[in-house]
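>>> turn this into a structure:
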Amino acid sequence: ISKRTIYENFSDKEMLLEKCVSRIMHNDNLIEQFTSSSSNPNMLLTVSKVLSLHTCESFRLRCASALDIMKYYPEIYQNCITPNNQQISKVVKTMFKTSQENGYIHPEVNIDIVTTMLGEMIKVVLHNKVFHGEYTQSELIEQSLLFYVRGMATAKALDEYNKYISQLEEK
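As a prediction, the model looks like this:
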């Protein structure tokens, strides 16, 4: 399309970017992936399945884009990406509660606290304030999530998770 067509529909670059980000967030299937993968109340299995759904490249691009938008267009980030992140947090919190009710997370774990801390841990990894390029964001997220979730897991959850990993390794 021509520049004229763009400027007839969008008053400026920010408006165009906001519409693009809004559309991407509307079509984002991460929440659906969590929801559909969480049929098993063992959150270790759910996290593993969701992580396997994302290729390193697509995840890297997604994180880099969100960070750039947050840095250069904070209002667009607040209007478009933050609500999506809040929805994901709500789904994760529900998943953790279900896991705890089914004996996969230790009963003394405070789900509100660990859900909030998980979000903050992911932000630290995304801003790469720890390793300064030594590892990819995908590697850091995967390792952090698995370490974090395993720390909450009961023996029952770990047994099922180890069986699942063994089956994957056999294939």
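>>> beyond the longest helix seen in the chain, next helix or strand please.
The longest helix of the chain (DSSP state H) is helix 82-101. Next helix or strand after helix 82-101 toward the C-terminus (DSSP states H and E): helix 111-126.
>>> which helices and strands does the following helix or strand past that next one pack with?
Next helix or strand after helix 111-126 toward the C-terminus (DSSP H and E): helix 137-152. Applying 3 or more C-beta pairs under 8 Å, 6 or more residues apart in numbering; DSSP states H and E, we find helix 137-152 packed against helix 43-53, helix 56-72, helix 111-126. The way it works is simple: take the backbone N, C-alpha and C, and place the C-beta from them, glycine included.
>>> out of the ones you listed, deepest packed?
helix 43-53 (a mean of 19; mean count of other C-beta atoms under 10 Å).
>>> any idea of the mean pLDDT in that helix?
Averaged across helix 43-53, pLDDT comes to 72.
>>> same deal with stretch 123-141?
74.
>>> same deal with stretch 147-163?
91.
>>> list the buried residues for it?
149, 152-154, 157, 160-161 (16 or more other C-beta atoms under 10 Å).
>>> was I right to think Val109 contacts Met152?
Yes: with contacts counted by C-beta atoms under 8 Å, Val109 reaches Met152, the gap being 5.1 Å.
>>> joint contacts of these two?
Taking C-beta atoms under 8 Å, 6 or more residues apart in numbering as the criterion, Val109 and Met152 both touch Phe96.
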